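Student: whatever this is, show me its structure:
(2 chains)
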Amino acid sequence: MSDRIVVDPITRIEGHLRIEAQMDGDRIAGAYSSGTMVRGIEIILKGRDPRDAWAFAQRICGVCTLVHGIASVRSVEDALDYPIPPNAQLIRNLMIGAQYIHDHVMHFYHLHALDWVDVVSALSADPGQTAALAQSISHWPKASPGYFSDVKKKLKGFVEAGQLGIFAKAYWGHSVYKLPPEANLMAVAHYLEALAWQRDVVQLHTIFGGKNPHPNFLVGGVASAIDLNSDSAINSKRLVQVQNVIDKMREFTDQVYVPDTLAVAGFYKDWGERGEGLGNFLCYGDLPATSMDDPDSFFFPPGVILDRDLSTVHPLDLNSADEIQEHVAHSWYDYSAGKEQGLHPYDGETTLNYTGPEPPYEQLDVGASYSWLKAPRWKGKAVEVGPLARVLMLYAKGHEQTRELVGMTLSKLELPTRALFSTLGRTAARTLETKILADAMQGWYDQLIANIKAGDTRTFNEALWEPSSWPKQCKGVGFMEAPRGALGHWIVIEDGRIANYQAVVPSTWNAGPRDSTGQPGAYEAALQDNHQLADVKQPVEILRTIHSFDPCIACAVHLSDEAGEEMLQLRVT
Amino acid sequence: MAETGKGMGKTLAQSLRESGVSRRGFLKFCTATASMMALPPSMAPAIAQALGKAKRPSVIWLSFQECTGCTESLTRSHSPTVENLIFDYISLDYHHTLQVAAGEGAEAAREAAMRENKGQYIVVVDGSIPLGNPGYSAIAGISNLQMLEETVAGAAAVVAVGTCAAFGGLPHAKPNPTGAVSVSEIVKDKPVVNVSGCPPIPTVITGVLAHFLTFGSLPELDALGRPMAFFGKSIHDRCYRRPFYDKGLYAETFDDEGARKGWCLYRLGCKGPMAYNACATAKWNRGTSWPVESGHGCLGCSEPDFWDAGGFYNALSIPDSDITRQAVYVAGAGVALGAVAGAVNRSKQARAREEHEPVTIDDLDKRP
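Tutor: A predicted model of the protein is given here:
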């Protein structure tokens, strides 16, 4: 019997991800995560105007669609020591917050939920009991028996028509689906509602950035000017629209997303016992009250937690050559000094060397290189980034609302604190930080209004716009907390042009392969943590844990070179 | 459109009724489709009739060197909505981001759709295809090139969604490290529609699909394979800031008086004059705004090679070097031309009103 399970494509994610699991009976003994697509964005960036870089970098990913734009403009601003006006900072915070809330809700309902929700089971739900269930957990108005009856009727018609479309060939009826039919029907209804909701709340990005996906950004501030007396600027009508979006975000989070997460989690408490793995967590921090130069003002604090020890938060330095390094021992790249060493992003080099099997292939050689992702490490340690890392960091730093929400969640589910370190804990952390951010949005909005009231409408600092005003050579790092975790862009500017550009992104931290010491990445370690498959032919357990990270693989893979010649050799002086 | 598939006897209209969608809701969709395709509302009954006959056509969506921005854009479509589209009008049988099945199940779904709908299904592609090395992008162990070729073999038509699939896009930008190419550089024996944009406007993606589903044919295309209905006019020609360009009033920097008053962004690098797309009229995200309205110049993202077109903040080279003199000239001409244009527009509007005699949903409801 073959003891290697391959899941490729991993669907309901961003990008191209392949998981190979070495089985020991029904237990996953070894897991291997492979990113199978490269584009070469960093090499394309070389030689271009740094002010243009955000648009290129943003196309690293269209799901977390603003994060690379933000990290990019921040990298240029850091390199040039280029301050931006307070209003621009607030507008960026609002846009980042909106991205989180939009992204997390869509991830939960449209990407992750169907690992836990059996759509076909919903057909046997009683609409009256579904309404009773919905009303028992929330005040959300769409909860009548008639409403759920309509949803069920629609679903029934769809299934009976015989064309299942996106629901075809799934694992319906699998023994590991535990929700009662009524909870499944409620979740299907909210799947549809969330699709409609997300179309409305992205309008915050459209107001400030002109469109979504891929809103516009600007080095030195934001492009949307404020003028209460203009019909073509951020005026009172626009600001009211923004307030409405914030209200809709808070309403849906409080009344649908949080109660649904708790309700579903109640049926899957055993998932609080598996799927963690590394025990190390890293955050760069983000959402400044003042500026990116003032980490003490960050809403999300930076730091590193090791071995699940919440009593100590280790400081980190993104500029230190010894701390953050990328490894390629199991990646399809070469380093000039050999594949065994790690390189800091400022010294990053990337020489593509595809040594995998010639497609079409059945299996990767995981003893050799097996991914287009590099393996980033902090002081040699593999770490997890993302919602769980941030919630733990807030918790460790004593953030009151976080402590209350975590306490409420654990007590409702009757789970111990250690259950946080799990697949379930990761998914719950995403929900809780959405609630925390949705509430924080109001504060940034209120501050923006207060600034405008006080006569400050500045949104752009012209001082360093012209490249003629820049130093001949400079370098900087733009970082942020993206929805999926810590994100950094390192830029080197020479003579007004990009000499080097390196992005180390959340899904590289989480989805990366083993390093030269054999240390697995976060996905791999999580799958190796207590996973038994009920049916090796239907490995829904693999999807549950991988989806709990919200993979974003186009983000995670960067740089390639067709000819395999050495590229981006950086000499920082 | 021809009947598709066998064995699934139910028509779209039947399945809609069974899934609780009223005839009125269905007709509303048809009216919206007509309007979106710039067709007179009187076409709505024809659309209703066409859609009422069809089993939901199979759509196979392939994702190659892409960022999923095009799929995200699809989910933002408000008319029709993505849920209308995939539950009521098409059968989305393969789509990495939305489909539930993974791994072998996902591939089995693609193969079944190809087998059961041979010659009838639509292939949508987002992302470019790397020819530098088959290992640069593989799905289920299969290279992108092989997956594209085997999937389009039995397709009725191919829709390249987004600038990467349409023209190579970002991966194709200099120096094109992976040898990325567009769909139409591979697919030569099937009709290919290019729906460009980075990403395309949500309703443009769904609108093009709706046209094909309704009429069983492709819409009229421009020289670059893009539907005229959405890509027939430049951003500049439809821009609400155009009067300021005509008067020579420009924002000189972000957040100056011109920026705040909505003057032309030409000098800040706006590529509106060279970009053909519907942003200025359709706008984004339920008509909320669009890049120029939110203060940033157009990047020209619906055009081939826009990444290599000379920098997003450098003014286009036309009008040429002496921008001041040119501006004065344009300003002078603008007054006269503006007046003529105004008169023409008014007469056009009146004629359009006559031709496009409004047909309300209530009217449609009364028809058999």
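Student: need the three-state assignment for the nearest residue to residue B:289 once chain neighbours are set aside.
Tutor: Using CB to CB, 6 or more residues apart in numbering or on different chains and skipping residues adjacent in sequence, the residue nearest residue B:289 is residue A:206, 4.8 Å away. Every C-beta, even on glycine, is put in place using the N, C-alpha and C of the backbone. For residue A:206, the assignment made with DSSP: H, G, I helix; E, B strand; the rest coil gives helix.
Student: quick one, what contacts residue A:206?
Tutor: A:212, A:215, B:284-285, B:288-290, B:294 (CB atoms under 8 Å, 6 or more residues apart in numbering or on different chains).
Student: closest point of the stretch 101-250 of chain A to chain B, which residue?
Tutor: residue A:232 (2.5 Å; CB to the nearest CB).
Student: same deal with the stretch 1-150 of chain A?
Tutor: Closest contact between the stretch 1-150 of chain A and chain B, by CB to the nearest CB, is at residue A:62 (2.1 Å).
Student: wait, that residue touches residue B:69, no?
Tutor: Yes. Residue A:62 is within contact range of residue B:69, at 2.1 Å (criterion: CB atoms under 8 Å).
Student: quick check: neighbours shared by these two?
Tutor: A:213-214, B:199.
Student: neighbours of the residue of the stretch 1-150 of chain A closest to chain B, just the number please.
Tutor: Look at residue A:62: counted by other CB atoms under 10 Å in any protein chain shown, it has 26 neighbours.
Student: hang on, it in a helix?
Tutor: No. Under three-state DSSP, residue A:62 sits outside any helix and is assigned coil.
Student: for it, list the residues it contacts.
Tutor: Residue A:62 neighbours (CB under 8 Å, 6+ apart): A:14, A:213-214, A:554, B:66-73, B:199.
Student: next, see if stretch A:485-495 gets close to chain B.
Tutor: No. Using CB under 8 Å from any CB of the partner chain, stretch A:485-495 never reaches chain B; the gap is at least 14.8 Å.
Student: next, residue 158: phi, psi?
Tutor: You didn't say which chain, so I picked chain A. In terms of degrees, to the nearest 10, the main-chain angles of residue A:158 are phi -60, psi -50.
Student: ah, I was thinking of chain B
Tutor: Given degrees, to the nearest 10, the pair of backbone angles that residue B:158 has is phi -130, psi 130.
Student: surely it and residue B:125 touch.
Tutor: Yes. Assessed by CB under 8 Å, residue B:158 is found in contact with residue B:125 at 6.6 Å.
Student: who has more neighbours, those two?
Tutor: Shown here are residue B:158 and residue B:125; by other CB under 10 Å, residue B:125 has more neighbours (31 against 24).
Student: could you look up the SS state of the more buried one?
Tutor: strand.
Student: enumerate every residue touching it.
Tutor: Residue B:125 neighbours (CB under 8 Å, 6+ apart): B:61-64, B:148, B:158-161, B:165, B:183.
Student: rewinding a little: what's the closest non-adjacent residue to the residue of the stretch 101-250 of chain A closest to chain B?
Tutor: residue B:262 (2.5 Å).
Student: residues near the one you found, how many?
Tutor: Residue B:262: 22 neighbours (other CB under 10 Å).
Student: for residue B:118, same thing?
Tutor: 15.
Student: any idea how far it lies from chain A?
Tutor: For residue B:118, the distance to chain A (CB to the nearest CB, to the nearest Å) stands at 16 Å.
Student: do the same with residue B:205
Tutor: 12 Å.
Student: quick one: mean pLDDT for the helix or strand that that residue is a member of?
Tutor: Using DSSP states H and E, residue B:205 sits within helix B:202-215. Helix B:202-215 shows a mean pLDDT of 89.
Student: wait, which of the shared contacts of residue A:62 and residue B:69 is closest to residue A:108?
Tutor: Comparing those against residue A:108 with CB to CB places residue A:213 closest, at 18.9 Å.
Student: on the three-state scheme, that closest one is what?
Tutor: Classified using three-state DSSP, residue A:213 is coil.
Student: just checking, what packs against the helix holding residue B:205?
Tutor: Using 3 or more CB pairs under 8 Å, 6 or more residues apart in numbering or on different chains; DSSP states H and E as the contact test, the elements touching helix B:202-215 are helix B:23-36, helix B:44-53, helix B:69-75, strand B:121-126, strand B:155-161, strand B:192-195, helix B:228-231.
Student: what does the stretch 301-450 of chain A have sitting close to chain B?
Tutor: So the stretch 301-450 of chain A meets chain B at A:332, A:352, A:354, A:356-362 (CB under 8 Å from any CB).
Student: least confident of those residues?
Tutor: Within those, pLDDT is lowest for residue A:352, at 83.
Student: mind listing the residues bridging to that residue?
Tutor: residue A:333 (DSSP bridges).
Student: which stretches of the stretch 151-300 of chain B form helices?
Tutor: B:162-167, B:169-172, B:202-215, B:228-231, B:235-238, B:242-246, B:257-261, B:279-282 (DSSP state H, counting those that start in this stretch).
Student: and the ones you listed, which is most packed in?
Tutor: The highest mean neighbour count among the helices of the stretch 151-300 of chain B, using mean count of other CB atoms under 10 Å in any protein chain shown, belongs to helix B:162-167: a mean of 30.
Student: contacts for it?
Tutor: With CB under 8 Å, 6+ apart as the criterion, helix B:162-167 contacts B:64-66, B:69-70, B:125-128, B:160, B:169-172, B:180, B:182-184, B:194-200, B:224-226, B:301-306.
Student: show the buried residues in the residues you listed.
Tutor: Buried members of the contacts of helix B:162-167, scored by 16 or more other CB atoms under 10 Å in any protein chain shown, are B:64-66, B:69-70, B:125-128, B:160, B:169-172, B:180, B:182-184, B:194-200, B:225-226, B:301-304, B:306.
Student: what's the neighbour count on residue A:337?
Tutor: 9.
Student: hang on, I meant residue A:400
Tutor: Residues near residue A:400, counting by other CB under 10 Å: 8.
Student: contact partners for whichever residue of the stretch 251-368 of chain B sits closest to chain A?
Tutor: Minimum separation of the stretch 251-368 of chain B from chain A (CB to the nearest CB) falls at residue B:262, amounting to 2.5 Å. Going by CB under 8 Å, 6+ apart, residue B:262 touches A:230-233, B:240-241, B:244.
Student: got a PyMOL select line for the buried ones in the residues you listed?
Tutor: Of those, the buried ones can be selected in PyMOL as follows, counting by 16+ other CB under 10 Å:
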select buried, (chain A and resi 232+233) or (chain B and resi 241+244)
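Student: adding distance to residue A:327, write the contacts of residue B:262 out as JSON lines.
Tutor: Output for the contacts of residue B:262, formatted as JSON lines (distance: CB to CB, whole Å):
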{"residue": "A:230", "distance to residue A:327": "52"}
{"residue": "A:231", "distance to residue A:327": "54"}
{"residue": "A:232", "distance to residue A:327": "50"}
{"residue": "A:233", "distance to residue A:327": "48"}
{"residue": "B:240", "distance to residue A:327": "52"}
{"residue": "B:241", "distance to residue A:327": "50"}
{"residue": "B:244", "distance to residue A:327": "54"}
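Student: give the residue spans of the chain that score low on pLDDT.
Tutor: You didn't pick a chain, so chain A it is. Residues of chain A that meet the criterion pLDDT under 70 lie in A:1-2, A:558-573.
Student: oops, chain B please
Tutor: For chain B, the ranges with pLDDT under 70 are B:1-54, B:318-368.
Student: domain map for it?
Tutor: B:56-231, B:235-353 (automatic domain parsing).
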